[in-house]
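> from the sequence below, what's the structure:
(chains A and B)
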Amino acid sequence: MHPLLGSLEAGPSAADQDTLERLLEGRVDPALAPPGYSDLARLVAAMTAPAAPEELAGEQQTMAEFAAVMRSTPPTLVPRRTAVPRKVFTMKAAAAALVAVLSVGGIAAAATGLLPDQASPVADKAAASTAAAAAGQGLGAATSVELDEAAQAGLCRALQAGQGADHGARADTPAFQALAAAAGGAGNVTSYCENLTAGAGAGTSADGQGRESAVGPDAAGAARAGLCRAWRAGQGADNGRRADTPAFQALAAAAGGADKVAAYCEDVTAGAASDSQGQASPPSVSAPPTTVSPPSSGPPADPGGPPASTGPGGHGQGGPPTTS
Amino acid sequence: MWPPGPLMLGSSFPELLAAAQSGDEQAFAVLWRDLQPAVLRYFQVAAVGAAEDLAADTWLSVIRRLQQFRGDERAFRAWLFTVARHRTIDWRRQAARRPISSVPAEQLAEQRAPDDPVLQVLEGQSTRAALALVAELPADQAEVVALRVLGGLEVAEVARIVGKRPGTVRVLAHRGLRRLAKQLEAAGLAEGVTR
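Have a look, this model is predicted:
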């Protein structure tokens, strides 16, 4: 009698049960199955055959949902024990990138002027490294970056704030590479930055904890206007895709929604000189106890993407928009 | 053979998960591509006719709560299939469906058409055919077979998901396999398939 069917009456033997368990675990090769089990082994093999193309047909839609959900939810920085792979990017970093772009010295502002607890060096350094790394990322999303003076000053301040902390890692980001290029070499960056921030007249203290008032009144508005101009210029062309880049996602966040960007940009360019945002809310940067490795460039952005820093090189009071 | 083993993504899973939780779409796509076929096939057993929709619903739930998930690859699969099972329950309630009761194998053998699933399985074809056969089992047997085989889940995990004792899960799975074996055997004899 069929060994397996016989066991229905006699009760399963231990050997039967063991074979059944192995079948359920996919560990029985149909060609090598014990007598009477080859059909079952074939059935299990058919159940677990490699994916057919039609089974992966829903990918685009699912990824669109993923992107939509992730855009509307600020992700938490997940503490990890292992090093973060270089492809990781965070929405928080993207939002911080806009902070850096919109407010000259915004990185410094984030690091010093806007966090509730200013005195905490951990918060400063974490914010600086997060924002700077994010700036590097957001800037890196557009290909070869031409940093204007205002953005360079901001980067310099971040560098100074972080000196001795993640300095080495941060130097790898595209933004700081661009700064190094402007300075004429990585070794020149320190002195270049000293000149730049001193010349900006923003009483920077070099110890990185300096509670400096950021910069003049206009850069935030000017940079925002620049982004808005770029966005408007792209409308009808790659606008949809460009909406996926971190900078424009942050612009959408600032506007309070991707569908509000148009109205927001009208407001911004209409009253370009004044920051109508009023009171700046601090970006929600958490200071994780573990070291945050700065993420590097995220997913490829539209190569015709938004310019990273825009507008005249004026200086504006850092007024980063709410990012959450 | 697929899955190659219990841990399909292995050492790359933690990085992929972390990246996905941070919003990295490419990382999430890797996870999805690895697991979507199994999810679809589970529904082809547990909710015939609604597989694509329920799979999509499952992933949406997972995406929405992705950032709260903590655990390894095994835990992730267990969570994924827990969500999938909830969708099945909801679907059954809405459709007021009753569990499919099995027809004795001999009757099935007589009813078989030439291109029917049993023959296809016997001849080494068709994932769909295999799943259709499993779907004909009593629902409680079908789902544990599906969760073990397709989900790559251990008895204890399946037991947690279906809310039964591990011993019960083991018995149900074995009964399901034996019933399937009987079907295959009877149909093979009836059609004169030699092995």
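> how about low-confidence regions in the stretch 101-250 of chain A?
A:101-180, A:182, A:186, A:193, A:195-250 (pLDDT under 70).
> I meant chain B, not that one.
Low-confidence segments of chain B (pLDDT under 70): B:1-7, B:97-115, B:117, B:119-125, B:188-195.
> can you list the domains in it?
B:10-95, B:105-191 (automatic domain parsing).
> how long is the shortest one from one end to the other?
With CA to CA, to the nearest Å as the measure, the first residue of domain B:10-95 is 38 Å from its last.
> ok, that domain near chain A or not?
Yes: residues of domain B:10-95 contacting chain A under CB under 8 Å from any CB of the partner chain: B:14-15, B:18-19, B:21-29, B:32-33, B:36-37, B:40-41, B:52, B:55-56, B:59-60, B:63-64, B:67. For glycine as for every other residue, the C-beta is placed from the backbone atoms N, C-alpha and C.
> and the last one, by the same measure?
Yes: for domain B:105-191 and chain A, the contact criterion (CB under 8 Å from any CB) is met by B:121-122, B:124-127, B:129-131, B:133-134, B:145, B:148-150, B:152, B:170, B:173-174, B:177-178, B:180-182, B:184-185, B:188.
> before we move on, the earlier item: now the domains of chain B in a markdown table, with distance to A:Cys265 and mean neighbour count?
Formatted as a markdown table, the domains of chain B follow (distance: least, CB to CB, whole Å; neighbours: other CB atoms under 10 Å in any protein chain shown):
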| stretch | distance to A:Cys265 | mean neighbour count |
| --- | --- | --- |
| domain B:10-95 | 24 | 19 |
| domain B:105-191 | 48 | 20 |
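> and the ones you listed as JSON lines, adding distance to A:Glu65?
Listed next are the domains of chain B as JSON lines, based on distance: least, CB to CB, whole Å:
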{"stretch": "domain B:10-95", "distance to A:Glu65": "6"}
{"stretch": "domain B:105-191", "distance to A:Glu65": "22"}
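> domain ranges for chain A?
A:3-48, A:87-324.
> where does residue 41 fall, secondary structure wise?
Answering for chain A, as no chain was given. According to DSSP states H and E, A:Ala41 maps onto helix A:38-47.
> actually chain B
Following DSSP H and E, the helix or strand that holds B:Arg41 is helix B:25-46.
> again, but for B:Ile89
Here B:Ile89, judged by DSSP H and E, is contained in helix B:73-95.
> so B:Ala78 touches B:Glu154, yeah?
No: contact criterion CB atoms under 8 Å: B:Ala78 and B:Glu154 do not qualify, at 9.0 Å.
> A:Gln17: neighbour count?
For A:Gln17, the count of nearby residues is 14 (other CB atoms under 10 Å in any protein chain shown).
> so B:Leu180 sits against B:Leu131, correct?
No: with contact defined as CB under 8 Å, B:Leu180 does not count as touching B:Leu131 (11.6 Å).
> check which helices and strands the helix or strand harbouring B:Ala159 sits against.
According to DSSP H and E, B:Ala159 maps onto helix B:155-162. Secondary-structure packing of helix B:155-162 (3 or more CB pairs under 8 Å, 6 or more residues apart in numbering or on different chains; DSSP states H and E): helix B:73-95, helix B:139-149, helix B:166-191.
> turn these into JSON lines, including distance to A:Arg71.
Shown next, in JSON lines, are the helices and strands packed on helix B:155-162 (distance: least, CB to CB, whole Å):
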{"stretch": "helix B:73-95", "distance to A:Arg71": "22"}
{"stretch": "helix B:139-149", "distance to A:Arg71": "33"}
{"stretch": "helix B:166-191", "distance to A:Arg71": "40"}
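> of the ones you listed, which approaches A:Pro74 most closely?
Of all those, helix B:73-95 sits nearest to A:Pro74, with 22.2 Å by CB to CB.
> next, the angle from the closest one to helix B:155-162.
Counting by axes from the mean of the first three to the mean of the last three CA atoms, to 10 degrees, helix B:73-95 lies at 30 degrees to helix B:155-162.
> then the helix or strand hosting B:Asp53 to PDB, C-alphas only?
Using DSSP H and E, B:Asp53 maps to helix B:51-64. The C-alpha trace of helix B:51-64 is given here as PDB (Å, rounded to 0.1, in the frame of the first residue of the first chain):
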ATOM      1  CA  ALA B  51      -5.300  37.800  -4.800                       C
ATOM      2  CA  GLU B  52      -4.000  40.900  -6.600                       C
ATOM      3  CA  ASP B  53      -6.200  43.300  -4.600                       C
ATOM      4  CA  LEU B  54      -5.500  41.700  -1.300                       C
ATOM      5  CA  ALA B  55      -1.800  41.600  -1.900                       C
ATOM      6  CA  ALA B  56      -1.900  45.300  -2.800                       C
ATOM      7  CA  ASP B  57      -3.800  46.000   0.400                       C
ATOM      8  CA  THR B  58      -1.400  44.000   2.400                       C
ATOM      9  CA  TRP B  59       1.600  46.000   1.100                       C
ATOM     10  CA  LEU B  60      -0.100  49.300   1.700                       C
ATOM     11  CA  SER B  61      -0.600  48.400   5.300                       C
ATOM     12  CA  VAL B  62       3.000  47.300   5.600                       C
ATOM     13  CA  ILE B  63       4.200  50.500   4.000                       C
ATOM     14  CA  ARG B  64       2.100  52.600   6.400                       C
END
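> many thanks, have a good one.
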